[in-house]
Structures are given as structure tokens and as C-alpha cells.
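S.K.: coordinates only, no sequence provided:
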């Protein structure tokens, strides 16, 4: 039986499924799956997901259509000659017109900080605040308060306090990681890991997983600190998850460091969640060259997934290009390979000359967020502004330009993506 409601609007020679598969509007795909039995059956067919995979392959393995919104919070101060600096914390949310977004943007405001995000879920955290009746709040009672926000449904989960970070708060917990998710984030697992403290008893790191289905934290597990390190803590960039393996970019202090040479360097900390096996990988030396210090480096690169989604990548802002370094484990060692994503000159050509001015797209880059589904990165270019770049299509545009006499001291951006193939796989036929 034909579905005349849709056949009348279909161009000759093309099926409705072909048109939907070419659509960049994820919301339209979901509405079609909900509105018509005929289309729902075709969309839920594995062949439709193969069409989506082919579309992603044409963009280097990423699907830009899976990015449905961008949000960011900028902490800025405007210098004035005759008055004190004006400090602001602006929150901006940019949503695709067709998408029904229920995210409460006020959650991004201080004092909560964006810890991590994945497939429409945001993890916000802050140090526990004392009750109004408490005059004294002992330091040893500080705990990490964590909330998980579903940007599609608007639901906010207030997690019970974890056993980790007690007395030290969020500064001594690695950035939380969302592991298993389903559909629109109706269920999830969240991993937290404690920073080891001290030099004698820091041979292990405590981990704990919260399960939304169990509505509680599971038992604490131990992961052994890799040999050769005295200390490590995650840098202020989001971790990456590939399967059940988590990657953090970290400041580390080698065990060989002395009291006079105890300066931090950069390494990637790797945790296999199910086995609690921990290892580290050094960054390629080329990523570190030309950087003045460890702290100058940590915003000039960001962890990512390589195009096929099975390998770890590092996006690096180099002098004249933005490159992707991909890690390939070999027998007995790890091999890094480099590929130029885009030249800065090409970014400059895409931007309005009135915006770029004299500086152009050649200022220092500070990466803030990577979207594993769409292949989008958000970064700040010194004296230019906040930019969005898709690694597959190479398209760039300015989200917010830098203003006269403005100093930006913090950027917290997020890419709200949807895992459409997994969502369709979880749907049931009418």
C-alpha cells in the first residue's frame, strides 16, 4: 500500500528514503520516522544506516548534520582608560531552527563548570557549597557536586556525592567521563577517577562509576598508577572515549624529577575501564616544539577521535596549519602519523575581512571542544575570536569576534550532538 501523503511531494526518480538520507536536518529524519509507518520501516532498515555511513565517509568519517546546537560561556573583561574593567560571563546558545531544544542555558552560569559532554548530555560540577545554617565549613568536608543535564529532554539528574575527592573537591578528580549511553541519554554511566596525592602511597588511583539505571555509585575500584610517574592530573580539556577505553590529556611529573627539577610535562593517560588497566603514551615531540611551557601547550591541542572512530587523534594548532596526529598501536610500540587538516590561510579566506583585520587567523590557538560525531572543533584565536571548524568539510566560521580592548580569561563551549545511527537502531517498528 502506497503512502500518498509522501509520494505527492517526492521528485520523480527519487524515493522518499533517498531524500531523507541526503537531508542535513536530523530533526526531520526523526519526525519522518514517527509520522509514517512506511517511512519508519525504511529508516529503521540497516540499509538506511549504511547510507548515513556513506555520507559520513564523504566528510572524512564525520557527519556534520549530527551537530544540532552550539553553546558557550565567555568570561571577558573590557579594559578602559578612565574606569575599572567591565567583567562579564555571557552564555550563548545557537540551535538549528528545526530542533526543539529544551536546554536551560542558565545552568552554564557560574558557579557550575562544564566538566564533559557527550551525545546531548552535559556533565556540570562544582565544589559543594555550605548550607545557609553553617557558619564554618571545614575543608575536609568539601565534596564534588555533579549534575548531568539532558539537553534534548531538559531533565537534570542531581547525582549523590561520590566517595572520591572527599575533602578536596573537583580539583582532585579527573574530568568525569560519560561511558555507556542509549537513545536520548535516558540511561548512562559516568566514570570519575581521583588524582593520586603524595609520593609514597600514590601507586594506585581510585575510580568509581555512577549508573543511572541503578541510581547509585558502584563500588570503588583501584587502577595502578603507571610506573615512572610521581603525579598526574587531567588538563582542562575534555577526555575522549573509544569503546570502553578513556583517554585524558594530563600534566605529569616523572619519577626521575628531583626537588629542583620537578616541572610538569604533558602525556596521555589511558584507562581500560573494565580491567582497570592504566597506561600512558607520550605525545610526539613535534607537538611540543615551539611551545614556551607546559601550560602554554595544554590549550594548543585537544584530544579527538580519528575519522573511523576507533583510533585516538590529537588536533594541534601549529604555526601555519591545523593538523591531526593519529595514534596507531604497533607490536611493542605506538606510532604517530600526522596529517594536515587545513592551512590557516584557507581559514583566513573563509572569514570576513572586516573581522580578521590585520591579525587574520594566525594568532595563538586555544582549543576548547571536539565533537566526535560531527568532527567539529571549537577554539579561540588570539585577537580574532571564537571559531567553529569542521574537520571533514574544512568549513570555518566565527561564532563570536573579539572586541576592542577585550580580554578573554575563560572559554567554556559545548557541541550538542546526537548519535543518530544508535538512536535509530534502538527504535522499534510500528
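M.R.: Arrived safely. Given the structure is predicted, the values throughout are model-derived calculations rather than measurements.
S.K.: can you tell me the closest non-neighbouring residue to residue 397?
M.R.: residue 388 (5.9 Å; Cβ to Cβ, 6 or more residues apart in numbering). Placement of C-beta: from N, CA and C, glycine included.
S.K.: next: residue 71.
M.R.: residue 93 (4.3 Å).
S.K.: so the one you found sits in a helix?
M.R.: No. Under DSSP: H, G, I helix; E, B strand; the rest coil, residue 93 sits outside any helix and is assigned strand.
S.K.: follow-up on the earlier one: and the residue nearest to residue 397, what is it in contact with?
M.R.: Going by Cβ atoms under 8 Å, 6 or more residues apart in numbering, residue 388 touches 70, 376-378, 396-399.
S.K.: keep only those of these that are in strands.
M.R.: Judged by DSSP state E, the contacts of residue 388 include 70, 376-378, 396-399 as members of strands.
S.K.: and the helix or strand hosting residue 422, what does it pack against?
M.R.: Element membership for residue 422, per DSSP states H and E: helix 420-426. Helices and strands touching helix 420-426, by 3 or more Cβ pairs under 8 Å, 6 or more residues apart in numbering; DSSP states H and E, are helix 26-35, helix 46-57.
S.K.: now do the phi/psi pair for residue 364.
M.R.: Dihedral pair for residue 364: phi -60, psi 140, per degrees, to the nearest 10.
S.K.: please report the distance of it from residue 422.
M.R.: 37 Å (Cβ to Cβ, to the nearest Å).
S.K.: again with residue 113
M.R.: According to Cβ to Cβ, residue 113 stands 28 Å off from residue 422.
S.K.: okay, these two: which has more neighbours?
M.R.: Between residue 113 and residue 422, counted using other Cβ atoms under 10 Å, residue 113 has the larger neighbour count: 17 against 14.
S.K.: can you give me the helices for this protein?
M.R.: Along the chain, counting by DSSP state H, helices occupy 4-7, 16-22, 26-35, 37-44, 46-57, 285-288, 294-297, 344-350, 353-356, 420-426.
S.K.: quick one: average pLDDT of the third one?
M.R.: Confidence over helix 26-35, taken as the mean pLDDT, stands at 82.
S.K.: okay, now the unreliable bits of the stretch 301-430 of the chain?
M.R.: Residue ranges of the stretch 301-430 of the chain with pLDDT under 70: 307, 352-361, 430.
S.K.: right, I mislabeled it, should have said the stretch 101-250 of the chain
M.R.: When residues are selected by pLDDT under 70, those of the stretch 101-250 of the chain lie in 101, 129-141, 183-184, 197-203.
S.K.: can you show me the strands along it?
M.R.: 113-118, 121-127, 144-150, 156-158, 177-182, 187-193, 204-211, 216-217, 221-224, 229-234, 240-242, 245-254 (DSSP state E, counting those that start in this stretch).
S.K.: before we move on, what about the stretch 301-430 of the chain?
M.R.: Under DSSP E, counting those that start in this stretch, the stretch 301-430 of the chain gives strands at 301-305, 312-317, 321-330, 333-343, 365-371, 376-381, 385-390, 396-401, 406-417.
S.K.: not counting its own residues, what contacts the longest one?
M.R.: Yep, that's strand 406-417 we're talking about. Contacts for strand 406-417 (Cβ under 8 Å, 6+ apart): 66-79, 85, 95, 101, 103, 108, 113-114, 117, 119-120, 122, 151, 366, 368-374, 376, 378, 380, 386, 402.
S.K.: buried members of these into ChimeraX, please.
M.R.: To isolate the buried members of these in ChimeraX, using 16 or more other Cβ atoms under 10 Å:
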select :66,67,68,69,70,71,72,73,74,76,101,103,108,113,114,117,119,120,122,151,366,368,369,370,371,372,373,374,376,378,380,386,402
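S.K.: measure residue 272 to residue 156 for me?
M.R.: 31 Å.
S.K.: same check, this time on residue 60
M.R.: 35 Å.
S.K.: those two - which one has more neighbours?
M.R.: residue 60 (18 against 14).
S.K.: what's the neighbour count on the closest residue to that one other than its chain neighbours?
M.R.: Nearest residue to residue 60 in three dimensions, chain neighbours excluded: residue 392, at 3.8 Å (Cβ to Cβ, 6+ apart). By the measure other Cβ under 10 Å, the count of residues near residue 392 is 19.
S.K.: my read: residue 392 touches residue 55, true?
M.R.: No. Using Cβ atoms under 8 Å, residue 392 and residue 55 do not qualify as a contacting pair, with a distance of 10.4 Å.
S.K.: could I get the strands of the stretch 101-250 of the chain as CSV with distance to residue 167?
M.R.: Putting these into CSV (distance: least, Cβ to Cβ, whole Å) gives the following:
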stretch, distance to residue 167
strand 113-118, 19
strand 121-127, 11
strand 144-150, 11
strand 156-158, 21
strand 177-182, 22
strand 187-193, 15
strand 204-211, 13
strand 216-217, 17
strand 221-224, 19
strand 229-234, 16
strand 240-242, 28
strand 245-254, 21
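S.K.: so for residue 51, which of those strands sits nearest?
M.R.: strand 177-182 (22.6 Å; Cβ to Cβ).
S.K.: in that closest one, what counts as buried?
M.R.: Buried residues in strand 177-182 (16+ other Cβ under 10 Å): 177-179, 181-182.
S.K.: just the angle between it and strand 229-234, please?
M.R.: 50 degrees (axes from the mean of the first three to the mean of the last three Cα atoms, to 10 degrees).
S.K.: kindly calculate the angle that strand 177-182 makes with strand 245-254.
M.R.: 180 degrees.
S.K.: what's strand 177-182 packed up against?
M.R.: So strand 177-182, by 3+ Cβ pairs under 8 Å, 6+ apart, packs with strand 113-118, strand 121-127, strand 187-193, strand 240-242.
S.K.: turn those strands into TSV, including distance to residue 250.
M.R.: Formatted as TSV, the helices and strands packed on strand 177-182 follow (distance: least, Cβ to Cβ, whole Å):
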stretch	distance to residue 250
strand 113-118	15
strand 121-127	18
strand 187-193	11
strand 240-242	13
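S.K.: and these: which comes nearest residue 45?
M.R.: Using Cβ to Cβ, the helices and strands packed on strand 177-182 put strand 187-193 closest to residue 45, at 25.4 Å.
S.K.: which one of the ones in strands among the contacts of residue 388 is nearest residue 49?
M.R.: For these, the closest approach to residue 49 (Cβ to Cβ) belongs to residue 376, at 21.3 Å.
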